[in-house]
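K.L.:
From the sequence below, what's the structure:
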Amino acid sequence: MLNFTDSNALLSESVASGLYQNLVVQLTKDFGLANIDIDLPFQVNPKNLKTILHQKIYRLMMERFTDYLNLLYIIDVPEKKVKSIQETDVVDISNQVAFLILQREFQKVWFRQKYA
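P.N.:
Sure thing, here's the model as predicted:
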């Protein structure tokens, strides 16, 4: 249920399970906890969410690396998964990290909904 191969599959499942809005709220909350502004309109569609998140992660990696690391810590992305990324291009790495963030955030809202 929580093992996804890419962002598109994860976002499709979040929409199908009715957890998409909760995912957007959770992302906004955790970025806020890390003191990182992210402009996510409440009605953002999944494709735009993926693009906004990818661009934000890329900018953090290139310009504010300490904030990027703090964000990963706050969201609780496993360090082992980040270190296992094999890409060599920063754009590809930021795309993979964005997927890991989406995966962890979806896991949070899924567990909260399942065990509430």
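K.L.:
Sketch out the low-pLDDT regions of the protein for me.
P.N.:
Low-confidence segments of the chain, defined by pLDDT under 70, span residues 1.
K.L.:
residue ranges of the helices in it, please?
P.N.:
Using DSSP state H, the helices of the chain run over residues 7-16, 20-33, 46-63, 65-75, 79-83, 90-114.
K.L.:
And the first one, what does it pack against?
P.N.:
Counting by 3 or more CB pairs under 8 Å, 6 or more residues apart in numbering; DSSP states H and E, the packing neighbours recorded for helix 7-16 are helix 20-33, helix 46-63, helix 90-114. C-beta here means a position set from N, CA and C on the backbone, and glycine is covered the same way.
K.L.:
Including mean neighbour count, could those go into CSV?
P.N.:
Conversion of the helices and strands packed on helix 7-16 to CSV gives the following (neighbours: other CB atoms under 10 Å):
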stretch, mean neighbour count
helix 20-33, 17
helix 46-63, 17
helix 90-114, 18
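K.L.:
quick one, what contacts the residue nearest to Leu60 when sequence neighbours are not counted?
P.N.:
In space, not counting the residues next to it along the chain, Leu60 is nearest to Tyr68; the distance is 3.8 Å by CB to CB, 6 or more residues apart in numbering. Taking CB atoms under 8 Å, 6 or more residues apart in numbering, we find Tyr68 in contact with 57, 60-61.
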